[in-house]
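Undergrad: dropping the sequence and predicted coords here.
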Amino acid sequence: MILKPNMVISGKKNANRASRQQVAEATVRVLKRYVPAAVPGIAFLSGGQSSDEATEHLSLMNQISNLPWAVTFSYGRALQDASLKAWAGKTETFAAGQQAFFKRAKLNSLATNGKYAAAMEQNAA
């Protein structure tokens, strides 16, 4: 069994949005309270978040010690959005779409291990 929840995030129109660290902590707190340790994995949806927000939230959660489950993504938008925009369905921008997809895959792989940092957005290729 794999649980597929959303993260605990502020509403888009909320003037006092939670920080990325607060999102990670609140999400883990809720999961620890209600999800049995016997659940082998949690694969988050990324709805309502930008690609870099979702990636950083995941990495910060994986930096919290004593998680009883594997915590990763089950999402298309945060992985594919940048590549679809770069490609835009044009033959001449196909390689740019592939490069954008590779970058998101690399960064999200790091986030799954708690090793992502926002500064990597500028350097990853």
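TA: Noted; the coordinates are in hand.

Undergrad: going by C-alpha atoms from here, please, whenever you check contacts or count neighbours.
TA: OK.

Undergrad: now the strands for the chain?
TA: For the chain, the strands defined by DSSP state E cover 2-3, 41-44, 70-73.

Undergrad: hey, which of those is tucked in deepest?
TA: Comparing the strands of the chain by mean neighbour count (mean count of other C-alpha atoms under 10 Å), strand 70-73 comes out on top with a mean of 20.

Undergrad: for that strand, name the packing helices and strands.
TA: Other elements packing on strand 70-73 under the criterion 3 or more C-alpha pairs under 8 Å, 6 or more residues apart in numbering; DSSP states H and E are strand 41-44, helix 51-63, helix 94-112.

Undergrad: quick one: which of the ones you listed is nearest residue 24?
TA: Of all those, it is helix 51-63 that lies closest to residue 24, at 5.0 Å by C-alpha to C-alpha.

Undergrad: got the angle for that closest one vs helix 94-112?
TA: Orientation check (axes from the mean of the first three to the mean of the last three C-alpha atoms, to 10 degrees): helix 51-63 against helix 94-112 gives 30 degrees.

Undergrad: please name every helix or strand in contact with helix 51-63.
TA: Checking 3+ C-alpha pairs under 8 Å, 6+ apart, helix 51-63 ends up next to helix 20-34, strand 70-73, helix 77-87, helix 94-112.
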